[in-house]
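K.L.:
kindly generate the corresponding structure for this input.
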Amino acid sequence: MRFVHDGTERFGTLEGSRVRFWHGNLFDYPERGDRTASLADVRLLTPVQPSKVIALWNNFQALGDKLKLDAPAEPLYLVKTPNSYLAPGGTIRHPGGGVKVVFEGELGIVIGRTAKDVREDAAMAHVFGYTCANDVTVADILHRDPSFPQWVRAKSFDTFCPFGPCVASGLDPATLQVRTLLDGQVRQDYPISDMRFSVAQLVSLISRDMTLLPGDVILCGTSVGVGSMKPGSTVEVEIPGIGRLGNRFE
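P.N.:
Numbering: from 1, shown residues only. So this is what the prediction gives:
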């Protein structure tokens, strides 16, 4: 995880209720330190600083069936812009007007090694770990202009990409379950095993289109249960084995 302690940005590992400080660079020869601090005494940042966040569409069988969408022949995705990145505990800001803003709880794949034209059987060696994410969207902007679906605009307002609280490694993504809670009520609860394209397939196929850099994040898409948020509400995305990402909407 990345965090601020005594006014200094650092990275480290979570050990129970304490954070251990590491030195160097998160991806290039990090060195374990001796110093720790209470988790309560640090302010969490986004766990990585991506050059890009790639977000999948129609990647879950259950939601595709509900929307009567055929399985795509290749991953369908958009890019969320850096101004949208938001740390755990940060406030998601309503963009104004009477628009409908929705939550989408998702698994995020964090790239750990530069990936370009990677074979599927080698793709997992380029994955650093996994994080929780909320792919916030202004739903009614998407098809406002019938001549041009506005995916990037609808999903890239300031604060519209919370992710964290950490990156967890050593997990089998096919065993993970995503739960999204709105004001404490479970609204989404779906298995990653329902993905149309696996983690390895996503990394391999997307790396053919663009170079994936350490710290880049691929949001795997969402499943049934997406819903709107009202100002004053709190949305949490929880994935056992990774943690819980919580943000207030104002």
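
K.L.:
bridged to Cys132, which residues?
P.N.:
Note on Cys132: beta-bridge partners Leu107, Gly164, judged by DSSP bridges.

K.L.:
that one and Leu76, how far apart?
P.N.:
Noted for Cys132: a distance of 22 Å to Leu76, by C-beta to C-beta, to the nearest Å. No exception for glycine: its C-beta is placed from N, CA and C like everyone else's.

K.L.:
check Gln188 too.
P.N.:
From Gln188 to Leu76 the distance is 20 Å (C-beta to C-beta).

K.L.:
compare those two (neighbour count), which wins?
P.N.:
Comparing Gln188 with Leu76 by other C-beta atoms under 10 Å, the one with more neighbours is Gln188, at 22 against 16.

K.L.:
mean confidence for stretch 216-226?
P.N.:
The average pLDDT within stretch 216-226 is 98.

K.L.:
ok now that stretch, how far from the chain's centre?
P.N.:
Its chain's C-alpha centre and that of stretch 216-226 lie 7 Å apart, by C-alpha atoms, centre = their mean, to the nearest Å.

K.L.:
same thing with stretch 27-45?
P.N.:
In this view, stretch 27-45 has its centroid 21 Å away from the chain centroid, taken as C-alpha atoms, centre = their mean.

K.L.:
tell me the domain boundaries of this structure?
P.N.:
Domain assignment for the chain by automatic domain parsing gives 1-45, 46-249.

K.L.:
contacts only, for the nearest residue to Met124 once chain neighbours are set aside.
P.N.:
If the residues on either side of it in the chain are set aside, Met124 comes closest to Ala200, at 5.5 Å by C-beta to C-beta, 6 or more residues apart in numbering. Ala200 makes contacts with 120-121, 123-124, as judged by C-beta atoms under 8 Å, 6 or more residues apart in numbering.

K.L.:
list buried residues within the residues you listed.
P.N.:
Neighbour-count burial (16 or more other C-beta atoms under 10 Å) applied to the contacts of Ala200 gives Ala123.

K.L.:
quick one on the thing from earlier: tell me which element the residue nearest to Met124 falls in.
P.N.:
Taking DSSP states H and E as the definition, Ala200 sits inside helix 199-209.

K.L.:
list the buried residues for stretch 46-62?
P.N.:
Applying 16+ other C-beta under 10 Å to stretch 46-62 flags 46-48, 50, 52-61 as buried.

K.L.:
so how far is it off the chain centroid?
P.N.:
That offset, for stretch 46-62, works out to 5 Å (C-alpha atoms, centre = their mean).

K.L.:
ok so, going back, can the buried residues of stretch 46-62 go into a markdown table with extra columns for secondary structure, pLDDT and distance to Phe103?
P.N.:
Below are those laid out as a markdown table (DSSP: H, G, I helix; E, B strand; the rest coil; pLDDT from 0 to 100; distance: C-beta to C-beta, whole Å):
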| residue | secondary structure | pLDDT | distance to Phe103 |
| --- | --- | --- | --- |
| Thr46 | coil | 98 | 18 |
| Pro47 | coil | 98 | 20 |
| Val48 | coil | 98 | 21 |
| Pro50 | coil | 98 | 20 |
| Lys52 | coil | 98 | 22 |
| Val53 | strand | 98 | 16 |
| Ile54 | strand | 98 | 19 |
| Ala55 | strand | 98 | 13 |
| Leu56 | strand | 98 | 16 |
| Trp57 | strand | 97 | 16 |
| Asn58 | coil | 97 | 18 |
| Asn59 | coil | 98 | 17 |
| Phe60 | strand | 98 | 15 |
| Gln61 | helix | 96 | 21 |
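
K.L.:
pull the most distant pair out of the residues you listed.
P.N.:
Farthest-apart pair in the buried residues of stretch 46-62 is Thr46 and Gln61; separation 29.6 Å (C-beta to C-beta).
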